[in-house]
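Visitor: when you get a sec, could you give me coordinates for this:
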Amino acid sequence: MRPIHLALPLLLSFPGLAAQRPDTSVGAVTAAAGAYLSEYQRQLTYLLADEHYTQRVLDRSGAETASRTMTGELFVTFLPADRAWMSVHDFARVDGEPIAGRQDLRALLQRDSVAGVARQLMARNARFNIGRTVRNFNEPTLGLLVLEPRRRSQFSFERTQVEREGDVDLVTLTFQERRGPTLVRSVDGGDLFSSGELTIEAGTGRIRRTLIRFPSGPVAAELTTVYAHEPKLDLWVPVRLSERYERREEAGELTLCESTYTNWRRFEVDIRIR
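Guide: Residues are numbered from 1 along each chain as shown. Predicted coordinates:
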């Protein structure tokens with residue numbers, strides 16, 4: 001009987017042929033996030049979500065002195081001329097009761113610009129805020145502006161953590177706003193410097209979480225936005241915004257707010273940007 005020779009594949013392992021992990025340096029991560037945002041600005045436009053918003057006010061001892069719940073819709077779009085996102089909160093109910101005389105968001109946007117409608121609804125919604133802290137910059141996308149390419153040079157960044165989640169490297173960067181004009185201005189128009197944290201996927205630049213603080217002044221403010229994948233849109237969208245405002249005077253006060261966003265969809269109506 002003649003011998004049988006089998007050709008077996010030779011399996012070799014070379015470290016250099018293994019899947020390369022993405023660069024997690026500050027420069028690489030911020031550059032990837034900037035590229036991600038350039039496309040995100042086009043995608044996160046004319047979107048609508050259902051919003052559930054709670055407010056709680058605590059005194060210096062930690063006792064709750066007031067609470068409020070509001071429900072409605074959140075409209076989000078990007079304004080190319082301003083290089084900024086704009087959020088329009090259209091609340092329909094306050095503590096379970098319908099808002100009297102409320103005008104439909106779609107009708108308002110057909111008659112006025114996005115900025116004009118935002119000002120109208122901001123003034124209306126402010127009537128229902130509780131506590132002594134005046135606040136009007138509770139936009140879930142505010143923290144994204146830190147990484148906007150035209151603004152990035154205003155900030156310094158430092159890498160503080162790299163975590164592995166499945167096959168994704170998540171990088172946490174801290175940031176400090178170094179020069180103006182700042183993202184948010186004080187009531188008297190002065191610069192209000194920010195600091196905070198960003199959680200970003202290395203390689204893709206996808207932004208998972210933003211935390212932005214405004215520590216100076218009589219009120220210390222902090223806003224945290226968490227993003228998650230929305231399968232219907234195949235897009236990462238804000239799903240939760242947490243706000244914290246602490247008054248520092250002797251009769252101090254802490255205001256805690258949380259918004260959740262669900263049922264994201266495209267906004268179907270003819271509107272004017274400016």
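Visitor: contacts and neighbour counts: CA atoms only from here.
Guide: Fine.
Visitor: distance of residue 255 from residue 41?
Guide: Spatial separation of residue 255 from residue 41 under the definition Cα to Cα, to the nearest Å is 31 Å.
Visitor: these two: which has the busier surroundings?
Guide: Ranked by neighbour count (other Cα atoms under 10 Å), residue 255 and residue 41 place residue 255 first, with 22 against 17.
Visitor: residues contacting the nearest residue to that one once chain neighbours are set aside?
Guide: Using Cα to Cα, 6 or more residues apart in numbering and skipping the chain neighbours, the partner closest in space to residue 255 is residue 57 (4.5 Å). The contact partners of residue 57, taken as Cα atoms under 8 Å, 6 or more residues apart in numbering, are 64-67, 130-131, 253-256.
Visitor: what's the ChimeraX syntax to select whichever of the residues you listed are buried?
Guide: Here is the ChimeraX command that selects only those of the contacts of residue 57 that count as buried (16 or more other Cα atoms under 10 Å):
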select :67,130,131,253,254,255,256
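Visitor: assign residue 116 to helix, strand or coil.
Guide: The local conformation at residue 116, judged by DSSP: H, G, I helix; E, B strand; the rest coil, is helix.
Visitor: quick check: bridge partners of the closest residue to residue 141 other than its chain neighbours?
Guide: The spatial neighbour of residue 141 that comes closest, neighbours along the chain excluded (Cα to Cα, 6+ apart), is residue 85 at 6.7 Å. Bridge pairing for residue 85 (DSSP bridges) gives the partners residue 78.
Visitor: quick one on the thing from earlier: between the contacts of residue 57, which sits nearest residue 246?
Guide: Ranked by distance to residue 246 (Cα to Cα), those are led by residue 254 at 4.6 Å.
Visitor: looks to me like the closest one is in a strand.
Guide: Yes - judged by three-state DSSP, residue 254 forms part of a strand.
Visitor: can you tell me the element the closest residue to it other than its chain neighbours falls in?
Guide: If you skip the residues right next to it in sequence, residue 254 has residue 246 as its closest partner in space, 4.6 Å away by Cα to Cα, 6+ apart. Counting by DSSP states H and E, the element that carries residue 246 is strand 235-247.
Visitor: what pairs with that strand, parallel or antiparallel?
Guide: Strand 235-247 has these strand partners (DSSP bridges): strand 219-230 (antiparallel), strand 253-266 (antiparallel).
Visitor: let me have those strands in JSON lines, extended by mean pLDDT and distance to residue 136.
Guide: Formatted as JSON lines, the entries for these read as follows, by pLDDT from 0 to 100; distance: least, Cα to Cα, whole Å:
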{"stretch": "strand 219-230", "mean pLDDT": "96", "distance to residue 136": "12"}
{"stretch": "strand 253-266", "mean pLDDT": "96", "distance to residue 136": "13"}
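Visitor: for residue 90, find the nearest of the ones you listed.
Guide: Comparing those against residue 90 with Cα to Cα, the closest turns out to be strand 253-266 (12.7 Å).
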